[in-house]
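# coordinates only, no sequence provided:
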């Protein structure tokens, strides 16, 4: 069992029964032009571009104690009842009661029929699609494999959102999700800048160490430009050994691109400024911020 979604049986769209009859319902419900759900002999099954997407996705009954009457996420016929809190809280909520990465712990409720499971899944996915594939609305075990499949199938919204969603959920600092993203290969194919962003943010030590070895010096220097002070400080901390070995022109680029004097202070503790060519330092001396940074090195 790989995924779990949340829905409220009492909140299912009554109009669904009016839109389709029993025979039609058993065939297909189209979420959009690429994603659909069919009710087959063994239960609901998702299809991406007409091909089966075999990822277990039975919804689980919603715990009403988590209901937020003011939540923003409900679609026209569905209310996910997710607490409006930080992403970490949402991650914890979705994982609560569903076990770990290896054992999500789903137990099928014998009181829920296949038809109810089918409409629950249809409503869940419809709301997810209407909210531009916000991965907080699904369990990570389903949200990311399905979003990736949709992106690969040509869904423009999924393509545009996927990388941003990976970074956002990583920064929720919820370790089960971070491990899932890493071991599921969802960090593969991220832009180098996004990967540096994730590494600088931090996470499970062995994961960060593995990712760090994938970043070369050129990518690190390019990513440095335009970053905020907080991110630059984390880059210095995480890539200290790389920065020490950079060639002088690259170290000059870092000094020139410091977002704050605080970052400059941290950087001159790593870069041996005295060994940099004086001719390359001269432009930095002529600017107010970088001149103060160079002065820290006693030059």
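Sure thing, it's come through. Here the structure is a predicted model, which is why all the values come from computation and not from measurement. Residues are numbered from 1 along each chain as shown.

# for the strand or helix carrying residue 163, the distance to its chain's centre please.
Element membership of residue 163, judged by DSSP states H and E, is helix 156-170. When distances are taken as CA atoms, centre = their mean, to the nearest Å, helix 156-170 is centred 6 Å away from the chain's centroid.

# pLDDT averaged over that helix - what is it?
Mean pLDDT, helix 156-170: 92.

# buried ones in it?
By neighbour count on 16 or more other CB atoms under 10 Å, the buried set for helix 156-170 is 158, 161, 162, 163, 165, 166, 167, 169, 170. Where you see a C-beta, it was placed from the backbone N, CA and C, and this is true even at glycine.

# from residue 153, how far off is the second one?
When you say that, I think you mean residue 161. Look at residue 161 and residue 153: by CB to CB, to the nearest Å, they are 14 Å apart.

# helices of the stretch 101-250 of the chain, start to end?
For the stretch 101-250 of the chain, the helices defined by DSSP state H, counting those that start in this stretch occupy 114-130, 140-152, 156-170, 175-183, 192-201, 205-212, 217-224, 229-238, 240-244, 248-256.

# which of the ones you listed sits closest to residue 54?
For residue 54, the closest of the helices of the stretch 101-250 of the chain is helix 140-152, at 10.0 Å, according to CB to CB.

# what's the closest one packed up against?
strand 43-48, helix 87-95, helix 156-170, helix 175-183 (3 or more CB pairs under 8 Å, 6 or more residues apart in numbering; DSSP states H and E).

# who touches the third one?
Applying CB atoms under 8 Å, 6 or more residues apart in numbering, the contact partners of helix 156-170 are 87, 91, 132-136, 140, 143-144, 147-148, 150-151, 177-178, 181, 186-187, 190-191, 194, 197-198, 201, 203.

# among these, name the buried ones.
By 16+ other CB under 10 Å, these give 87, 91, 133-136, 140, 143-144, 147-148, 150-151, 177-178, 181, 186-187, 190, 194, 197-198, 201, 203 as buried.

# output the below-cut-off pLDDT ranges for this structure.
Within the chain, the stretches with pLDDT under 70 are 1-26, 55-112, 297-299.

# mind running it again at 50?
Along the chain, the model assigns pLDDT under 50 to residues 1-25, 58-87, 97-108.

# show me what contacts the closest residue to residue 232 other than its chain neighbours?
Of all residues not flanking residue 232 in the chain, residue 263 sits nearest, at 4.6 Å (CB to CB, 6 or more residues apart in numbering). If a contact means CB under 8 Å, 6+ apart, then residue 263 has 229, 232, 233, 236 as its contacts.

# tell me the secondary structure of residue 263, please.
Assigned by DSSP: H, G, I helix; E, B strand; the rest coil, the conformation of residue 263 is helix.

# check residue 37 too.
Using three-state DSSP, the structure places residue 37 in strand.

# ok, it - contacts?
28, 29, 31, 44, 45, 46, 47, 118, 121, 122, 125.

# beta-bridge partners for residue 38, please?
residue 45 (DSSP bridges).

# that one: neighbour count?
As a burial measure, residue 38 scores 17 neighbours (other CB atoms under 10 Å).

# isn't it up against residue 51?
No - Residue 38 lies out of contact with residue 51 (CB atoms under 8 Å); the separation is 11.9 Å.

# re the thing from before, and residue 220, which of the helices and strands packed on helix 140-152 is closest to it?
Across the helices and strands packed on helix 140-152, residue 220 has its closest neighbour in helix 156-170 (17.4 Å, CB to CB).

# look up how far residue 216 lies from residue 267.
Distance from residue 267 to residue 216, by CB to CB: 19 Å.

# the more surrounded of those two?
Neighbour comparison, residue 267 and residue 216: the larger count goes to residue 267, with 23 against 10 (by other CB under 10 Å).

# list the contacts for the more buried one?
236, 243, 254, 255, 258, 293.

# pull out the buried residues from the host helix or strand of it.
Per DSSP H and E: residue 267 is located in helix 261-268. Within helix 261-268, the residues that count as buried by 16+ other CB under 10 Å are 263, 264, 266, 267, 268.
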